[in-house]
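Engineer: pasting the sequence and the predicted coordinates here, then a few questions.
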Amino acid sequence: MRPRIAFVGAGAVGGYLGGHLARLGHDVTLIDAWPAHVEAIRAQGLKLTGIEESQNVTVQVPALHLF
């Protein structure tokens with residue numbers, strides 16, 4: 001059984017770490033208090049950017065509202 005990972009706070013740090021873990025195949029759920037942010041992640045995926053163009057990816061990761 002794989003561990004499930006939840007990030008409460010899907011802002012810059014939580015979103016970045018959670019997004020990359022999800023990209024690598026881990027079972028990740030992002031939880032955030034900002035409804036518009038959660039809806040954007042659900043609709044468009046989580047956009048991760050890096051220094052090089054090859055590091056710019058969009059990840060589909062489950063996202064939940066905190067409230």
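Structural biologist: Perfect, I can see it now.
Engineer: quickly find the element holding the most centrally placed residue in the chain.
Structural biologist: For the chain, the residue nearest the mean C-alpha position is residue 19 (3.9 Å; CA atoms, centre = their mean). Assigned by DSSP states H and E, residue 19 belongs to helix 12-23.
Engineer: what about residue 27, neighbour count?
Structural biologist: Close neighbours of residue 27, defined as other CB atoms under 10 Å, add up to 14. For every residue, glycine as well, the C-beta is placed using N, CA and C.
Engineer: for it, give me phi and psi.
Structural biologist: phi -80, psi 100 (degrees, to the nearest 10).
Engineer: that one touches residue 7, doesn't it?
Structural biologist: No: counting by CB atoms under 8 Å, residue 27 stays clear of residue 7, with 12.0 Å between them.
Engineer: name the helix or strand for residue 29, please.
Structural biologist: Here residue 29 is assigned to strand 27-32, by DSSP H and E.
Engineer: tell me the helix or strand right after that strand.
Structural biologist: Note on strand 27-32: by DSSP H and E, the next helix or strand toward the C-terminus is helix 35-44.
Engineer: which residues touch that next one?
Structural biologist: Under the contact criterion CB atoms under 8 Å, 6 or more residues apart in numbering, helix 35-44 has outside partners 10, 11, 15, 30, 32, 58, 61, 63, 64, 65.
Engineer: report the buried members of those.
Structural biologist: Neighbour-count burial (16 or more other CB atoms under 10 Å) applied to the contacts of helix 35-44 gives 10, 15, 30, 32, 61, 63.
Engineer: between those, which is closest to residue 50?
Structural biologist: Distance ranking of these against residue 50, using CB to CB, places residue 15 first at 13.7 Å.
Engineer: chain neighbours aside, what residue packs nearest to the closest one?
Structural biologist: Distances taken as CB to CB, 6 or more residues apart in numbering place residue 46 nearest to residue 15, at 6.0 Å, with adjacent residues excluded.
Engineer: and for that neighbour, the neighbour number?
Structural biologist: Counted with other CB under 10 Å, residue 46 comes out at 24.
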